[in-house]
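Trainee: What follows is a predicted structure for the sequence shown.
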Protein chains: 2
Amino acid sequence: MVDGALRAVCDDPDLHLLLVGPTRAAGALIDALDPAQRDRITVRPTHSVVDMADDPSAARAETTVRAAVTAVRAGYADALVSAGATGATVTAAALGLGRWPEVRRPALAAALPAVSGTVVLLDVGGSLEPSPATLARHAALGAAYASVGHGIAVPRVGLLSVGTEPGKGDRARRLADPMLSAAALPGDAHYVGLVEGYDVCLGTRADVVVTDGFTGNVLLKAVEGAYAMAGGTPPGGGAPRAAALLGVAGTVVVCHGAARADDIASGIALAAHLWRRDATERVAALLAGDRTDRTTDTEVRTS
Amino acid sequence: MVDGALRAVCDDPDLHLLLVGPTRAAGALIDALDPAQRDRITVRPTHSVVDMADDPSAARAETTVRAAVTAVRAGYADALVSAGATGATVTAAALGLGRWPEVRRPALAAALPAVSGTVVLLDVGGSLEPSPATLARHAALGAAYASVGHGIAVPRVGLLSVGTEPGKGDRARRLADPMLSAAALPGDAHYVGLVEGYDVCLGTRADVVVTDGFTGNVLLKAVEGAYAMAGGTPPGGGAPRAAALLGVAGTVVVCHGAARADDIASGIALAAHLWRRDATERVAALLAGDRTDRTTDTEVRTS
């Protein structure tokens, strides 16, 4: 964490960090910085952390992640980056920052380099057992995020399954597929139907791939393992170890529990990128515009 | 299919093929063979195939896959290889050959080359929504198959989840994990607990990775996509496109629906390998021995 934070501060001269956690770790970072740069670091000492084995509801107690959420809500920080237990971060962010309208379950979105551009995969661990309606909602979140966060003008949205023919998949997929076919997606996004595992890496058929958090999480880690087996990541980069939390009213990035320094630095850079693009507000506006458009359509049709 | 069958016949001088399907395809294969080799090919003309978009129950009708199963049951063939719709093959094989005791759902097992040896991943599409009890049964099937089919003497069996700490995962995983901890596995296999996506590719912590058929299928295809992105498969080979069907009383190999000639040839070679090792009988015996051992233990304890 310390090495990653140091790297992020050095890489981005406009970045300020509020460190929430043990003072010992913060002290190591401040000591490593040029004295002229030290005023870019503020420390909020907190000692109780949510362990990986703890229940996510432990995030309700006064822990680092809850203190960090409180700092964002109070305006002391613009964005939150955590490499702690995912469930605890999602719970703390949803409780502390609030969820967007019509979002019951926030989703973690990872951006994977593909053959031509980027594939946004969601959910990668925010909601392990989403309902078909939540899968459909995550499709809208992912499409808006792909457009705002990754500059994909006309996102093609696919639902991950075991084949591309309609009807392929388990019960959740068979219910979500027709819901997505009928749903209006934000902006110029459109639904392309069922896609398969290859599409997550290659991006040939979809720019946004929607799945449950269980499948997305194990798949992302399997892709990371495959790149390690293949002797390294492709030129565009490998499987990301930082993901944006979508559906909460704030900029939140979750890093891998086993994140290395460069993963932490990437997560901090992603949070800064999203905040500078005003991504949270713009994604919310795209989703709201989507609802407005549908209302207008209905009014025109019934007049 | 024709190119793959031709390659398999050329690679293995002891192989005989019974081709079940349109005579046109069989004719192309026979024409391509050296006249002296043509008596190694027999043809059973069948015209009705189960399409990828058909319901698996279409396999109950007189289709190629059902005719092939009938040929195995009647002893005209020793093993079945299909690149048709997975659900149809699994249904036809379970109905026509029968299932093993205590196996409600057959599993498709794929063998992936890992850092040191092989990882058996199951299920990769046989049973999309297994119960926790089926996951536990598949663990036993996979362990016996790893030992018999791939020479892994002391298989380490892991349950795929989103983290390694007990309690990580969705409901099915949280229920299956303690069942597996308490279960007796065949031979010298033992359960190592929850594993993650990396472990499927790297094999560091488990030789057998158990998951539901939905997750296994999309994960296997994602790994294939990752190797394509990385510019090729690792030295030991990439993601397999042929999988052994475990839990039915016969040697059945299912090839990828988009299998190329070398995938078909690999699938035929796998079927021949398993039949020559008497794998089906030996896996069944290992599983039966497991039940016998447990009975003996109980008798000793209660005497």
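Mentor: Sure, I can see it.
Trainee: element containing residue A:5, please.
Mentor: helix A:2-11 (DSSP states H and E).
Trainee: Could you count how many residues lie near the closest residue to residue A:32 other than its chain neighbours?
Mentor: Leaving aside its sequence neighbours, residue A:32 sits nearest to residue A:6 (CB to CB, 6 or more residues apart in numbering or on different chains; 5.4 Å). Backbone N, C-alpha and C define where each C-beta goes, glycine included. Residue A:6 has 21 neighbours, counted by other CB atoms under 10 Å in any protein chain shown.
Trainee: remind me, longest strand of chain A?
Mentor: For chain A, the longest strand by residue count, based on DSSP state E, is strand A:107-114.
Trainee: just how off-centre is that strand within its chain?
Mentor: 7 Å (CA atoms, centre = their mean, to the nearest Å).
Trainee: thinking again about what came up before, hmm, the residue nearest to residue A:32 is touching residue A:34, no?
Mentor: No - taking contacts as CB atoms under 8 Å, residue A:6 lies outside contact range of residue A:34: 10.7 Å.
Trainee: next helix or strand past the longest strand of chain A?
Mentor: Following strand A:107-114 in sequence, per DSSP H and E, is strand A:117-122.
Trainee: List the strands paired with that next one, with their directions.
Mentor: strand A:107-114 (antiparallel), strand A:208-210 (parallel) (DSSP bridges).
Trainee: Buried residues, it. List them.
Mentor: By neighbour count on 16 or more other CB atoms under 10 Å in any protein chain shown, the buried set for strand A:117-122 is A:118-122.
Trainee: TSV for these, including pLDDT?
Mentor: Compiled in TSV, the buried residues of strand A:117-122 are given as follows (pLDDT from 0 to 100):
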residue	pLDDT
A:118	95
A:119	97
A:120	98
A:121	98
A:122	97
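Trainee: now, which of those residues sits nearest residue A:164?
Mentor: Among the buried residues of strand A:117-122, residue A:119 lies closest to residue A:164 (CB to CB), at 16.1 Å.
Trainee: List the contacts of the closest one.
Mentor: Taking CB atoms under 8 Å, 6 or more residues apart in numbering or on different chains, we find residue A:119 in contact with A:111-112, A:199-201, A:203, A:206-209.
Trainee: Identify the bridge partners of it.
Mentor: Beta bridges link residue A:119 to residue A:112 when assigned by DSSP bridges.
Trainee: ok, now how distant is it from residue A:179?
Mentor: As judged by CB to CB, to the nearest Å, residue A:119 and residue A:179 stand 22 Å apart.
Trainee: just residue A:240 next, same as before
Mentor: Applying CB to CB to residue A:240 and residue A:179 gives a distance of 28 Å.
Trainee: can you list the domain ranges for chain A.
Mentor: With domains defined by automatic domain parsing, chain A comprises A:1-103+A:247-303, A:107-215.
Trainee: Save those domains as TSV, and put in distance to residue B:246 too.
Mentor: Converted to TSV, those look like this (distance: least, CB to CB, whole Å):
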stretch	distance to residue B:246
domain A:1-103+A:247-303	32
domain A:107-215	18
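Trainee: Now the spatially most central residue of chain A. Nearest residue, chain neighbours left out?
Mentor: Closest to where the C-alpha atoms of chain A average out (CA atoms, centre = their mean) is residue A:244, at 2.0 Å. Using CB to CB, 6+ apart and skipping residues adjacent in sequence, the residue nearest residue A:244 is residue A:109, 5.0 Å away.
Trainee: so who does the one you found touch?
Mentor: A:120-124, A:141-142, A:145, A:149, A:243-246.
Trainee: give me that answer again for 7 Å
Mentor: Counting by CB atoms under 7 Å, 6 or more residues apart in numbering or on different chains, residue A:109 touches A:120, A:122, A:142, A:145, A:243-244, A:246.
Trainee: cool, and residue A:226?
Mentor: In this structure, residue A:226 makes contact with B:201, B:223, B:226-227, judged by CB under 7 Å, 6+ apart.
Trainee: now, which of the residues you listed lie within helices?
Mentor: Among the contacts of residue A:226, the ones falling in helices (DSSP state H) are B:201, B:223, B:226-227.
Trainee: Farthest pair within these?
Mentor: B:201 and B:227 (9.4 Å).
Trainee: out of the two, which sits in the busier spot?
Mentor: residue B:201 (30 against 22).
Trainee: any idea how far residue A:141 is from the more buried one?
Mentor: In terms of CB to CB, residue B:201 sits 29 Å off from residue A:141.
Trainee: Strands along the stretch 151-300 of chain A, start to end?
Mentor: A:156-160, A:190-195, A:208-210, A:242-246, A:251-255 (DSSP state E, counting those that start in this stretch).
Trainee: close to chain B, is the last one?
Mentor: Right, the one you point to is strand A:251-255. No - Strand A:251-255 lies out of reach of chain B by CB under 7 Å from any CB of the partner chain, never closer than 12.5 Å.
Trainee: Just put the contacts of residue A:119 in CSV and tack on pLDDT.
Mentor: Formatted as CSV, those follow (pLDDT from 0 to 100):
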residue, pLDDT
A:111, 97
A:112, 96
A:199, 96
A:200, 97
A:201, 95
A:203, 95
A:206, 98
A:207, 98
A:208, 98
A:209, 98
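Trainee: ok, and the most crowded of those residues?
Mentor: Of those, with other CB under 10 Å as the count, residue A:208 tops at 33 neighbours.
Trainee: can you pull the contacts of it?
Mentor: The contact partners of residue A:208, taken as CB under 7 Å, 6+ apart, are A:120, A:139, A:142-143, A:146, A:155, A:157.
Trainee: So which of those sit within helices?
Mentor: Counting by DSSP H, these contribute A:139, A:142-143, A:146 to helices.
Trainee: Quick check: the farthest pair among the residues you listed?
Mentor: A:139 and A:146 (10.5 Å).
Trainee: Of those two, which one has the most company?
Mentor: Neighbours per residue (other CB under 10 Å) separate residue A:139 from residue A:146, with residue A:146 holding more: 30 against 27.
Trainee: how near is the more buried one to residue A:120?
Mentor: For residue A:146, the distance to residue A:120 - CB to CB - is 5 Å.
Trainee: Likewise for residue A:96?
Mentor: Between residue A:96 and residue A:120 the computed distance is 25 Å (CB to CB).
Trainee: One more: residue A:253?
Mentor: On the measure of CB to CB, residue A:253 and residue A:120 end up 14 Å apart.
Trainee: And the helices in chain A?
Mentor: Secondary structure of chain A, counting by DSSP H: helices at A:2-11, A:23-32, A:64-73, A:86-97, A:132-150, A:171-182, A:197-202, A:213-229, A:261-276, A:279-302.
Trainee: how far out from the middle of the chain is the third one?
Mentor: Relative to the mean C-alpha coordinate of its chain, helix A:64-73 is positioned 18 Å out (CA atoms, centre = their mean).
Trainee: Tell me which residues are up against it.
Mentor: If you take CB under 7 Å, 6+ apart as the criterion, helix A:64-73 is touched by A:18, A:20-21, A:44, A:46, A:49-50, A:59, A:77, A:79-80, A:82, A:84, A:88-89, A:92-93, A:96-97, A:250.
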